[in-house]
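Novice: I'd like to go over a predicted model; first the sequence, then the structure.
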Amino acid sequence: MINKKTSAPQMMHTSHEELERQNKRQSWKPFWHLIKNVKFPWLLIIVCIILNLAQGQLSLMFPQYTQEIYNGNFTVALAVTAVLVVLGQAILTAAIQCVARYTSHLNHMRFQNYIWRKLSRLPISYFEKNEPRDLISRTTQDTLSMSEFMSYSISYWLRGIYTLVMTVVLITGYDWRLTVSQFICIPLTYAIGVIAGRIYFKMNNRVQGRLSDATRYFAAVLPYLTLVKLFGQETREEKAGNSWLANQFKTQMQNAVYGLAISFAETVTDLIRTLVIIFTGLWLLREGAIDIGQWIAFYQYANLLNGNVRSVMAQWQALKRNQGACARIAAATDAEPEENTGKLNAGEASGNVEFKNVSFAYEEQNVLNDVSFTAEHGKVTAIVGPSGAGKSTILNLVERFYLPGQGSISWAGKDAREYELQSWRRNIGYIPQDAQLLSGTIGENIAHGVDGPVSRERLEDAARRADILDYIKSLPQGFDTQVGENGARLSGGQKQRIAIARAILMNSQILVLDEATSNLDAESEYNVNRTLKELSKDHTVLMVAHRMDTVRDADKIVVMERSRVSAQGTHGELMTASPLYRRLVELQRAGVEV
Ligand SMILES: Nc1ncnc2c1ncn2[C@@H]1O[C@H](COP(=O)(O)OP(=O)(O)OP(=O)(O)O)[C@@H](O)[C@H]1O
Ligand SMILES: [Mg+2]
């Protein structure tokens, strides 16, 4: 599983160039789409905006009081008002932080709720094409960035625009030469802001890209460290890991150098701007065109103006950055969900599962061709055939993980699509080829398919029938034993039997087993098969098995050969009618695994 692609940095594309290209031609559609679909706490967002505007308004008022005071019009009322304005600003800043933080966390949860709802309804085929790691970063990183944007940036941006417009209006009320001196400086601030924004944007993407490259490498290698050790490749992987880390360090250092250069340029611009105000102010003071109060007030307004130009631009950059996050989120949430137009409840029907002329392809090539058979209610139907013949695919279609390209699958005489999807799957106890467990306890895993509390008796009964009860009882914590991630603390056979117990407990009408007993010893397999035979009386059992001993007692055996049904019947019938079946049986008798 450790492929060369992940081990060699130069071969891997985390194409930030592509990301930058995408960001350039981003439309606003995904943004509006999310605004429409995510349940944002609008009232809180509006409160944030109002608080910010109020704070902006107070910041505009303060220089007027200082102007009065410097001009010698000092009154107690004026001083008290000035202090109140400063105090008001401080209180509003604290209030904005509280409300915006709360709103941001709430936004984050709503965003994740939305993504989670969408992702969990996407078809299996989507997850085969998209890496789970990327989807995780969408549900964590991208949503976090959008949530902060919705609570902080929008209100900062609106405050910035409001105070910017107001300062422009106020500044023009002063001597026109002072005003002109500041307007001359704006293009410089603007130019530095634009350049800085572009550089930050580019570098941010690059740093993120390198960071996710390194994370992706470690996430790909760490779970398979056993494999690395088996082949003595520790040194090679250590080198590969170090080279990812070195790449990451190099980009971070570049970022730091650019950051320093930008902050130097900003300091120099500020210095130039201040010098312009000082010299113009001194000249006008000497001429008697302005008084000292006006000069100081103007200086404060000029600082406000400058700060606001920067803030509006920074928030605009944040908006552009978040367009990228929006597009990535939308790419996942806009994917077509699983088709689920059926209305019937599959649990209320009972009968046979029937395949009629089913053909199916994962990609171009057909994996199933004109497959027809019936798995009868109250009977065990087995599917056998060489590896890659399409056996698991048949079971995938029964589960409706994929839809048939041609032909139909029916249950109790009605097309599968007429049944509501969740009721359909709940009606099937599926035991896959590689038994998957969720992290949690053994008891939780067995009860996974059942809603609400499950009594200890029912748990024990299901475990007994799956021949795992004795083992569970031998554990110090019994059903409360943690299984580890994907059942890492259990053996293959134990996992299989827990998966069988889970399916038995669901008590669904259809039982589907994909080599579910392949890891069991002979005695366990015998016990599980006896249970299956018992269950088949009032269930429809469809099983894929490699071991011919397992299938010989089945009521019907379907022989698959290169995507087609080559024969079907009982063991006795097939031994005479199907050369392939006879060969499979004879090979296995001779001890050759097929
Ligand atoms: N998700 C998938 N995407 C593309 N091709 C697939 C996918 N799953 C299976 N295939 C292909 O479909 C064919 C049939 O696979 P399937 O898993 O049904 O075989 P099988 O009969 O169950 O084999 P085995 O006995 O080894 O489990 C194989 O050639 C396989 O490569
Ligand atoms: Mg298979």
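Specialist: Yes, it's here. Ligands and ions are numbered 1, 2, ... in the order given.
Novice: Secondary structure of Val367: a strand, I assume?
Specialist: Yes. The assignment for Val367 is a strand, going by DSSP: H, G, I helix; E, B strand; the rest coil.
Novice: any idea which helix is longest in the chain?
Specialist: Of all the segments of type helix in the chain, defined by DSSP state H, the longest one is helix 234-287.
Novice: host element of Glu354?
Specialist: Assigned by DSSP states H and E, Glu354 belongs to strand 353-361.
Novice: returning to that earlier point: for the longest helix of the chain, packing partners?
Specialist: Contacts defined by 3 or more C-beta pairs under 8 Å, 6 or more residues apart in numbering; DSSP states H and E place helix 234-287 against helix 4-7, helix 176-221, helix 292-333. (C-beta placed from N, C-alpha, C; glycine too.)
Novice: what's the most buried one of those?
Specialist: helix 292-333 (a mean of 20; mean count of other C-beta atoms under 10 Å).
Novice: pLDDT of whichever strand or helix holds Thr103, averaged?
Specialist: Thr103 belongs to helix 76-119 when assigned by DSSP H and E. Mean pLDDT, helix 76-119: 91.
Novice: can you list the residues of this protein near ligand 1?
Specialist: Selection of the chain residues close to ligand 1 by C-beta under 6 Å from any ligand atom yields Glu128, Tyr362, Glu363, Val367, Ser387, Gly388, Ala389, Gly390, Lys391, Ser392, Thr393, Gln433.
Novice: Show me which of those residues are buried.
Specialist: Neighbour-count burial (16 or more other C-beta atoms under 10 Å) applied to these gives Val367, Ala389, Gly390, Lys391, Ser392, Thr393.
Novice: ok, so of the residues you listed, who is nearest Asp480?
Specialist: Ser392 (33.0 Å; C-beta to C-beta).
Novice: Domain-wise, how is this structure divided?
Specialist: 31-172, 339-427+508-594, 441-507 (automatic domain parsing).
Novice: average pLDDT across the longest one?
Specialist: Yep, that's domain 339-427+508-594 we're talking about. Averaged across domain 339-427+508-594, pLDDT comes to 87.
Novice: just how off-centre is it within its chain?
Specialist: A distance of 34 Å separates the centroid of the chain from that of domain 339-427+508-594, by C-alpha atoms, centre = their mean, to the nearest Å.
Novice: And the first one, by the same measure?
Specialist: Taking C-alpha atoms, centre = their mean, one finds domain 31-172 lying 25 Å from the centre of the chain it belongs to.
Novice: how long is that domain end to end?
Specialist: With C-alpha to C-alpha, to the nearest Å as the measure, domain 31-172 spans 37 Å from end to end.
Novice: between the helices and strands packed on helix 234-287, which one is nearest to Val168?
Specialist: helix 292-333 (7.0 Å).
Novice: Next, the angle from the closest one to helix 234-287.
Specialist: 150 degrees (axes from the mean of the first three to the mean of the last three C-alpha atoms, to 10 degrees).
Novice: what helices or strands is helix 292-333 leaning on?
Specialist: helix 16-24, helix 29-37, helix 42-70, helix 76-119, helix 143-148, helix 154-171, helix 176-221, helix 234-287.
Novice: Break down the stretch 351-500 of the chain into its helices, ranges please.
Specialist: Remark: helices assigned in the stretch 351-500 of the chain by DSSP state H, counting those that start in this stretch are 391-398, 421-426, 442-446, 456-465, 469-474, 492-506.
Novice: Dump those helices to JSON lines, plus distance to Ala412.
Specialist: Output for those, formatted as JSON lines (distance: least, C-beta to C-beta, whole Å):
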{"stretch": "helix 391-398", "distance to Ala412": "14"}
{"stretch": "helix 421-426", "distance to Ala412": "11"}
{"stretch": "helix 442-446", "distance to Ala412": "28"}
{"stretch": "helix 456-465", "distance to Ala412": "25"}
{"stretch": "helix 469-474", "distance to Ala412": "33"}
{"stretch": "helix 492-506", "distance to Ala412": "18"}
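Novice: Residues touching stretch 73-92, excluding its own?
Specialist: With C-beta atoms under 8 Å, 6 or more residues apart in numbering as the test, stretch 73-92 has contacts from Leu51, Ala54, Gln55, Leu58, Ser59, Met61, Phe62, Tyr65, Thr66, Glu68, Ile69.
Novice: Which one (most neighbours) among the residues you listed?
Specialist: Ser59 (23 neighbours; other C-beta atoms under 10 Å).
Novice: from memory that one sits against Asn303, does it?
Specialist: No. The pair Ser59 / Asn303 is not scored as a contact, 10.2 Å apart, by C-beta atoms under 8 Å.
Novice: and for those two, which residues touch both?
Specialist: What both Ser59 and Asn303 touch, as defined by C-beta under 8 Å, 6+ apart, is an empty set.
Novice: In the stretch 201-350 of the chain, what residue comes closest to ligand 1?
Specialist: Glu338 (15.5 Å; C-beta to the nearest ligand atom).
Novice: Next, the buried residues of the helix or strand harbouring Thr226.
Specialist: Using DSSP H and E, Thr226 maps to helix 225-230. Buried residues in helix 225-230, defined by neighbour count with 16+ other C-beta under 10 Å: Val228.
Novice: what packs against that helix?
Specialist: Against helix 225-230 (3+ C-beta pairs under 8 Å, 6+ apart) you get no helix or strand.
Novice: what's the average pLDDT for that helix?
Specialist: 86.
Novice: Send me that helix as PDB with only the CA atoms.
Specialist: Taking C-alpha atoms only, helix 225-230 is exported to PDB below (Å, rounded to 0.1, in the frame of the first residue of the first chain):
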ATOM      1  CA  LEU A 225       4.500   0.700   9.200                       C
ATOM      2  CA  THR A 226       4.400  -3.100   9.600                       C
ATOM      3  CA  LEU A 227       4.900  -3.400   5.900                       C
ATOM      4  CA  VAL A 228       7.800  -0.900   6.000                       C
ATOM      5  CA  LYS A 229       9.500  -3.000   8.700                       C
ATOM      6  CA  LEU A 230       8.700  -6.300   6.900                       C
END
